[in-house]
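Q: structure for this input, please:
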Amino acid sequence: RKEYVDLYVNYIFNKSVQKPFEDFMQGFLRGCPARSWKMFFPKELQVLLQGHRTFDWHLLEKNVTYRQYKELDQTIRNFWAVFHKLPEEKKKMFLAFLSGSDRISGYGLKCFRFCIEDPQVRNPDEVCPYASTCYFILFLPR
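A: Below you'll find the model as predicted:
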């Protein structure tokens, strides 16, 4: 029985996926040669490919620019007061809403910039916040 289980496990985890994995690896290495990746430790490579998972949210706040707003406007102060009270998972959901991903590139938050802009609508109470994920702009009605 042990030999049968060993052969079955080997087939499921190795033999059955060997060809698709080799095809993937060949394509991946064509675009990203292995010699380029050898300079990274595994953790560094993971961050580079997948992005950061932990954040300094106050640094995010410092890197924001404003259009039609000033940093001390009541809407902005309210936004950041509410944002900093959110649980970590909700903050990541906001990041996904803003940028399309709940992670930040390997460069980290010090290089991540976004803008909060007043959409200048006639009745701001009837408009929800929305984002331009391509340009990292949060449109936040007053």
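Q: now the residue sitting nearest the centre point of the chain. Nearest residue, chain neighbours left out?
A: Residue closest to the average C-alpha location in the chain (C-alpha atoms, centre = their mean): Arg103, at 2.1 Å. In space, and not counting its chain neighbours, Arg103 is closest to Gly51: 3.3 Å by C-beta to C-beta, 6 or more residues apart in numbering. (Glycine included, C-beta is placed from N, CA and C.)
Q: what sits against the one you found?
A: Contact analysis of Gly51 by C-beta atoms under 8 Å, 6 or more residues apart in numbering lists 101, 103-106.
Q: which of those has the largest number of neighbours?
A: Neighbour counts for the contacts of Gly51 were taken using other C-beta atoms under 10 Å; the highest belongs to Ile104, with 20 neighbours.
Q: just checking, that residue touches Leu95?
A: Yes: applying C-beta atoms under 8 Å, one finds Ile104 in contact with Leu95, separated by 7.5 Å.
Q: between these two, which contacts overlap?
A: By C-beta under 8 Å, 6+ apart, the residues touching both Ile104 and Leu95 are Phe55.
Q: related to what we said a few turns ago, how close does the residue nearest to the centre of the chain get to Pro141?
A: Using C-beta to C-beta, to the nearest Å, Arg103 is found at 27 Å from Pro141.
Q: cool, and Met39?
A: 47 Å.
Q: using PDB, write out every CA atom in the helix or strand of the chain with the lowest mean pLDDT.
A: Lowest mean confidence among the helices and strands of the chain (mean pLDDT, DSSP states H and E): helix 34-37, at a mean of 74. Coordinates of the C-alpha atoms in helix 34-37 are reproduced here as PDB (Å, rounded to 0.1, in the frame of the first residue of the first chain):
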ATOM      1  CA  ALA A  34      17.100  33.200 -13.900                       C
ATOM      2  CA  ARG A  35      20.500  34.900 -13.700                       C
ATOM      3  CA  SER A  36      18.700  38.200 -13.000                       C
ATOM      4  CA  TRP A  37      16.900  36.700 -10.000                       C
END
